[in-house]
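Peer 1: give me the fold of what follows.
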Amino acid sequence: MNLLVSFISLVYFVTVVQSFDLGPLLRIAHCRIQCIKEHSIDGTCDWYSNRSETLCSECWQNCETLETQWDTTKFICEGEEYLRCPACQTACNYRKTRTEEEYLPSSLPAPSRGPVRASANEVAIFLRQVGPPSVNGGWKESGFFSGNRVPSLRQDTWLIVVSEETIRHYSWQEWIPTLESLKEGPFVEASLSWFDVNEQLRKQRDVEQKRFNDRVRQFYLEKYGEKVLVEWRSSQDTPIPEKVFRRFFFRRRSDENTQPPFLEHQVRQSPLENYNRDDDDDDDDNQETYVVSWMPETGGLMGNQVVDTKFAQISLLPGTKYLVRIASNDGPGSFPIEIDTRSSSVDVWKVKKKNDEDLLPWAFLAAIVAALAIIVVIAGVTIFRLSRTPKVVPDEEIV
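Peer 2: Coordinates of the predicted model:
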């Protein structure tokens, strides 16, 4: 009995750890790229309600069924069904030659900001965070799109764009780690932390909600504002106070400077809230593994370090500028930060580092010495001027 319980626990652990495998999604995307190349002229292939089914859209659907329901659909790759169905042949040929392997989110390159750009021969995988973080980080696949009709990034969405040779992804969730310190030596020791991820994302959602509210106000102002103003001024009764009316229709100046600059590079639409965001506070209770990745800005060998905390120390070669990010197997991870290990940059960081307690006594002593030096210089200049001033003798004293 104990052996059975241990086996079940082991299976459950493996399932939880390896549950968010992007491999099947990427294989479907690569298969659908072949459909576009073989059966589409303009890159349009995915089927949707206002279009009739085409040879390409049939191939598009076969890619998913062969990947997810092989035992019940493999007959389309055999016998007469295969010979008389060109859409089946394309999907089946890819199925025979594909490589089946696990692909975790931490293997993706660093995410990019929107707007999303994709060519006609690329396929985008659209994911939304709609569930509890304990299951796949809360992410769920919400559709595949051909490159000529890729959707825009929206709140808590994630897009993976797949081509035949490369994979890139775009994330709405923008957070970065904090560089705590740099320490010189044969290798430069960099200390990083990312304890405030939830706080960064919460601020971003607040800004997005404000921007959405402003768009709603602007829409109603343009469509109904003039009519409502005329009726409100001509009415004997005042259904709403002027203060409330203006607060709804007009943006306050104090709100204009609340947008962080990094959001200006993105295209947003209305928010999608599908679960209680207060659950984010429980993320810290879940044991999550992170991958700290770094590589030279100009390209080269990449380094990785796996940690199970939100703090890490990494060793970097001196004289190089690095891009460092925190990857996660539960989602897109962080955007990269620059760490410059050239000697001048390290010196500048030492002056500006956060731990100022060690610098305060020296700064106080330096200020006292500087003040005394200034006093001595001023006193010396004053004495010198007085000693060189000619003595004026009154006329009465001249004999």
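Peer 1: which residue ranges form the helices in the protein?
Peer 2: Per DSSP state H, the chain carries helices over the ranges 2-17, 23-39, 55-68, 70-73, 79-83, 86-97, 197-234, 242-249, 343-352, 360-388.
Peer 1: ranking those helices by mean pLDDT, which is last?
Peer 2: Mean pLDDT is lowest for helix 2-17 among those, at a mean of 39.
Peer 1: where exactly do the strands run in the stretch 51-200 of the chain?
Peer 2: Per DSSP state E, counting those that start in this stretch, the stretch 51-200 of the chain carries strands over the ranges 123-129, 139-146, 157-162, 167-171, 178-183, 188-193.
Peer 1: including mean pLDDT, mean neighbour count and distance to H30, could those strands go into CSV?
Peer 2: Placement of C-beta: from N, CA and C, glycine included. CSV is the format used below for the strands of the stretch 51-200 of the chain (pLDDT from 0 to 100; neighbours: other C-beta atoms under 10 Å; distance: least, C-beta to C-beta, whole Å):
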stretch, mean pLDDT, mean neighbour count, distance to H30
strand 123-129, 93, 23, 8
strand 139-146, 92, 18, 11
strand 157-162, 94, 24, 6
strand 167-171, 94, 21, 10
strand 178-183, 92, 16, 37
strand 188-193, 94, 19, 34
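Peer 1: Serialize the ones you listed to CSV and add fields for distance to K227.
Peer 2: Below are those laid out as CSV (distance: least, C-beta to C-beta, whole Å):
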stretch, distance to K227
strand 123-129, 37
strand 139-146, 39
strand 157-162, 36
strand 167-171, 40
strand 178-183, 51
strand 188-193, 54
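Peer 1: right, and the ones you listed - which one's nearest F335?
Peer 2: F335 lies closest, by C-beta to C-beta, to one member of the strands of the stretch 51-200 of the chain: strand 167-171, at 7.7 Å.
Peer 1: what is the orientation angle of the closest one with strand 157-162?
Peer 2: In terms of direction (axes from the mean of the first three to the mean of the last three C-alpha atoms, to 10 degrees), strand 167-171 departs from strand 157-162 by 170 degrees.
Peer 1: relative orientation of strand 167-171 and helix 23-39 in degrees?
Peer 2: Counting by the same axes, to 10 degrees, strand 167-171 points 110 degrees away from the direction of helix 23-39.
Peer 1: the closest residue to P332 other than its chain neighbours pairs with what?
Peer 2: Spatial nearest neighbour of P332, chain neighbours left out: S171 (3.9 Å); criterion: C-beta to C-beta, 6 or more residues apart in numbering. Here S171 sits in beta bridges with W158, going by DSSP bridges.
Peer 1: I figured S171 hits W158, correct?
Peer 2: Yes: with contact defined as C-beta atoms under 8 Å, S171 reaches W158; the gap is 5.4 Å.
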